[in-house]
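# structure for the following, please:
(chains A and B)
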Amino acid sequence: MTAAALMTALWAGSPAWAADTYSPNVVKAAYLVRFAGYVDWPEQMPAGTPFVIAVLGAPGVARELRHLLPGHPIHELNAEVREITGAQDLGKPQILYVGEGRAEYLRTAVPARELASVLVVTDEEGGLNAGSALNFLTIDRRVRFEVSLTAADRSGLKISSDLLGVAVRVRGGGRQSRDACPPVDTFDPGDDGCTIWVVQRIDRREPPMCGTVNAGACEAA
Amino acid sequence: MNKLFDTVLAPGSVRGKLLRVMLLTTAIALCLTGIALLTHELYVYRTTGSADLSTEAAILASSTAPALAFDDHVVAERNLSALAARRRVMVAALYSANGAVYASFVRPGESPPPARPPAPGVQISGGRIEVAQPVQRNGETFGTIYLRARYDVAGRVEAYLGIFVLVMLMSMIAALLLSRRLQKGITEPLDAIAAVAREIVSGSDYSLRATKFSDDEIGVVVDAFNKMLAEVQARSLALREADQKKDEFLATLAHELRNPLAPIRHAVKLLESSGVEEEARQWARQVIARQVQRMALLLDDLLEVSRITRGRLELKVATVDLESLVEAAVETAKPLIDSKQHQLKIELPPQRVMLAVDPLRVSQALSNLLTNAAKYTDAQGHIQLAVAVSPKGVRLAVKDTGIGFESGALPGMFEMFSQVDSAIARSEGGLGIGLALVKGLVALHGGHVEGFSAGPGKGSEFVIYLPQSVVVPGTGESAAAPPRRRQGKDAAIKILVADDNRDAADSLALLLEMNGHEVAVAHSGEEALRLARQQLPHAMILDIGMPDVTGYEVARRVRAESWGSDVLLIAATGWGQKEDKDRASAAGFDCHMTKPADPDAIEGLLQEFVSSRGTAA
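So this is what the prediction gives:
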């Protein structure tokens, strides 16, 4: 199945009835694949090794992934699904999806050090408390997710702000804006005389996140 | 274009032309600049317009990709609504992968985005730029972003034209104001010259001068203008002076020519009346001869001077003895010197010196100096003529004890028609051409004249310097003495004199007869030809201006006769121009004499002819 086919499969109709047409498992499988595009892993994965998505206690999602992954490389690696039953056969996956109701197991049975460099995705209310970086939620019958920057940080992962923008909630985030933001709405021509920096608050979060835009004044000149 | 130039450079003041030139060049420069800027601006507007919108779309595509990827409608709407700050963007739409509008942003009054996503790319048409770009992330295409902005070329051009007209107006005003000030540097000096020129034209006051403002071309013109004015002024002054001199000269001339008439008239009356003793008759004849001689000298001088001033005098250079030259000069001046009982002392160089000069002219110059000395020295004065030869040349000095002159009068003395005031007051008269004639004659020989005086009443000295080049080295050559000294009765020949003026013909015939020649007289051209055929004369003296057959014609016919080729033909006319002489020689004349012909000179010619041909009657 190609990417386009996947998209067509996912968004054939209006978003309002998407959840009606597709089972949450399909959506979750697609999201898991897409999350990979917004996350940076600390180590460069050597070419030839597979990109592994481990699935714990969610055979429905695992089945959908098995449909989806062939011919759909992630970070230019062949992706594969590995269903696991416990911490003993965890191995070294890039993504660990912990199915609904298994967060407690994750929190208690899997040592934190085993999860370094692993993007852990849970799927239940309060899932983030189990130490996962992402957690699926179902809101208005649609699949949403929340982010814990603290957990991602602990695993050495960097989550793109683009992903944060569409997250329902973002927990933590001190590391994302290590330095205090300059006053919001600052307008500052850069030292090189070529750039103009504009500081604006991104969303309405606390602590505030800030962004800068390089206006490329030199090009205009 | 030419018409435009004609308009700009239409007749009028320089100021107006400069102003029009300035305005035209300013306008052209502004128009060209405006067109160039507008073209560039439209080009930039187009390229940056589409580039900006494409960039915008790319940014938007990347920022809306997560919203599409994770189906977040709210975030998608929020992303698009951020475009409210981008006033260029009028319409934005996000299409999902299945081609439906997922989110959109439409400014009030704008038409909604197309229902289906347009093909990716930039499209400029109908005053709008439209950009469509796929929304992609990690190799997955989630949909299409569509942006629309205004592309208002007409508005741009309009705004530009407005600015252009404003700038044009301001430039023109600035150019006007500036040119008023700047042109002062050009037009003011020109106006100044023009004003002076107008004043001069209307008033003929050549003492006016234009003011010089600068060292540029106008300054040069001013300088040249002023120089010309000075020249004109000097010339008009000189002209006036010359005119005045001429008037004075004419008066003097009339007086001088009239003076001898009274004694002549009296003498003639005396001769006419009967019962007068032979002694008285003799006296009367002498009076007439003397006065005629005086008039002839006067006229000779006059003719000579005019020839010199017109450059018509040709020297007849011959090798002559210096002593004989001096003698001839003294002989001419002798009567006046004697009549005033002056003592004349002559110093000559011990050795014999031969000169290559025109003997007539040099002795004329010297005799003029002697005559002047005699004239301007009170009776019983002393006149010294000192002749010396040195390696530098010949020095002929005439010193007298006469009235002298102020040293300031010297430069003018050698000019025509000038006489020292004190000289005018004297009864001797004269035309005031003597010294000018001397100067001219000597100059023709490459020499010069100098005058000295210790002051009025203290005598004067005039010196003729002839250059070394005229001195012929060596002696023994036979000197060709001046003709007037050639009084010879050695050879008598047959002569025909022709002149329609009976008195002139008869008197000349009489004189020639007295010299022993056989003379026939004709009073017309026909008669001259008839007589000549009968008598076959050796020489003919022909008047040119005879009414029936001119002298030229007679000469031509004589030359055509078998016997005519050897005849000495002498033309006698009142005209002494070179053309006349040329014409005479062309007609066959051997020589040309200006009337009244000097009998001695004719005799000299005859003797020369006789000796050269060895013919005798």
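
# whatever residue of chain B ends up closest to chain A: what's it in contact with?
Per Cβ to the nearest Cβ, the residue of chain B with the smallest distance to chain A is residue B:138, at 3.5 Å. Yep, even glycine has a C-beta here, placed from its N, CA and C like the rest. By Cβ atoms under 8 Å, 6 or more residues apart in numbering or on different chains, residue B:138 lies in contact with A:34, A:36-37, A:74.

# swap in 10 Å and give it another go.
By Cβ atoms under 10 Å, 6 or more residues apart in numbering or on different chains, the contact set of residue B:138 is A:3, A:33-34, A:36-38, A:73-76, B:65, B:69.

# which of the residues you listed fall in helices?
Cross-referencing the contacts of residue B:138 against helices under DSSP state H gives A:3, A:33-34, B:65, B:69.

# of the residues you listed, closest to residue B:273?
Using Cβ to Cβ, residue B:65 is the member of the ones in helices among the contacts of residue B:138 that lies nearest residue B:273, at 156.9 Å.

# burial measure for that closest one, as a count.
A count of nearby residues for residue B:65, using other Cβ atoms under 10 Å in any protein chain shown, gives 28.

# pull up the distance across stretch A:125-136, start to finish.
Start-to-end span of stretch A:125-136 (Cα to Cα, to the nearest Å) is 8 Å.

# buried ones in it?
Across stretch A:125-136, burial judged by 16 or more other Cβ atoms under 10 Å in any protein chain shown covers A:127-136.

# and if you look at stretch B:533-542?
For stretch B:533-542, a neighbour-count test (16+ other Cβ under 10 Å) marks B:537-542 as buried.

# near chain A, from these?
Subset of the buried residues of stretch B:533-542 in contact with chain A: empty, counting by Cβ under 10 Å from any Cβ of the partner chain.

# closest to residue B:58 among these?
residue B:542 (123.5 Å).

# pretty sure that closest one sits against residue B:554.
Yes - between residue B:542 and residue B:554 there is a contact at 5.5 Å, judged by Cβ atoms under 10 Å.

# got the residues of chain B near chain A?
Contact residues (Cβ under 10 Å from any Cβ) of chain B with chain A: B:44, B:48, B:51-52, B:55, B:59, B:62-76, B:78-79, B:82, B:85, B:96-102, B:136-143.

# need the contacts of residue B:138 in CSV with pLDDT, can you?
Below are the contacts of residue B:138 laid out as CSV (pLDDT from 0 to 100):
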residue, pLDDT
A:3, 47
A:33, 91
A:34, 90
A:36, 90
A:37, 88
A:38, 89
A:73, 84
A:74, 86
A:75, 84
A:76, 84
B:65, 90
B:69, 89
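
# any chance of TSV for these, columns distance to residue B:277?
Converted to TSV, these look like this (distance: Cβ to Cβ, whole Å):
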residue	distance to residue B:277
A:3	169
A:33	175
A:34	171
A:36	172
A:37	167
A:38	168
A:73	171
A:74	172
A:75	169
A:76	167
B:65	162
B:69	168
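
# among these, which one lies nearest to residue B:308?
residue B:65 (117.8 Å).

# wait, the closest one touches residue B:133, no?
No - under the criterion of Cβ under 10 Å, residue B:65 makes no contact with residue B:133, lying 11.1 Å away.

# anything in contact with each of these two?
Common neighbours of residue B:65 and residue B:133 (Cβ under 10 Å, 6+ apart) are residue B:145.

# and residue B:397, how many neighbours?
Residues within reach of residue B:397, counting by other Cβ under 10 Å, total 18.

# can I assume it sits in a strand?
Yes - assignment of residue B:397 by DSSP: H, G, I helix; E, B strand; the rest coil places it within a strand.

# mind checking which helix or strand of chain A has the lowest mean pLDDT?
In chain A, no helix or strand scores lower on mean pLDDT, DSSP states H and E than helix A:217-220, which sits at a mean of 43.

# what segments of chain A are strands?
Along chain A, the stretches classed as strands by DSSP state E are A:39-40, A:51-56, A:79-84, A:95-98, A:119-122, A:134-139, A:142-148, A:158-159, A:170-171, A:187-189, A:196-202, A:209-214.

# nearest to chain B, of the ones you listed?
So among the strands of chain A, strand A:142-148 is nearest, using Cβ to the nearest Cβ, at 7.1 Å.

# tell me the strands beside the closest one, with direction?
strand A:134-139 (antiparallel), strand A:170-171 (parallel) (DSSP bridges).

# worst average pLDDT in those strands?
Among the strands paired with strand A:142-148, strand A:170-171 carries the lowest mean pLDDT, a mean of 86.

# okay, now residue A:61: neighbour count?
So residue A:61, with other Cβ under 10 Å, has 28 neighbours.

# one more: residue B:355?
Neighbour number of residue B:355 under other Cβ under 10 Å is 24.

# helix or strand for it, which one?
Applying DSSP states H and E as the criterion places residue B:355 in strand B:354-357.

# chain center to that strand, what's the gap?
Centroid separation between strand B:354-357 and its chain, computed with Cα atoms, centre = their mean, to the nearest Å, is 38 Å.

# I'd like to know which elements that strand is packed against.
Judged by 3 or more Cβ pairs under 10 Å, 6 or more residues apart in numbering or on different chains; DSSP states H and E, the packing partners of strand B:354-357 are strand B:318-321, helix B:322-339, helix B:359-375, strand B:393-400, helix B:434-444, strand B:471-472.

# direction included, what does the fourth one pair up with?
Spelled out, that is strand B:393-400. Strand B:393-400 is paired, per DSSP bridges, with strand B:382-390 (antiparallel), strand B:460-467 (antiparallel).

# give the next helix or strand downstream of that strand.
Taking DSSP H and E, what comes next after strand B:393-400 is helix B:410-413.

# so which elements touch that following helix?
Using 3+ Cβ pairs under 10 Å, 6+ apart, helix B:410-413 sits against helix B:434-444, strand B:448-453, strand B:460-467.
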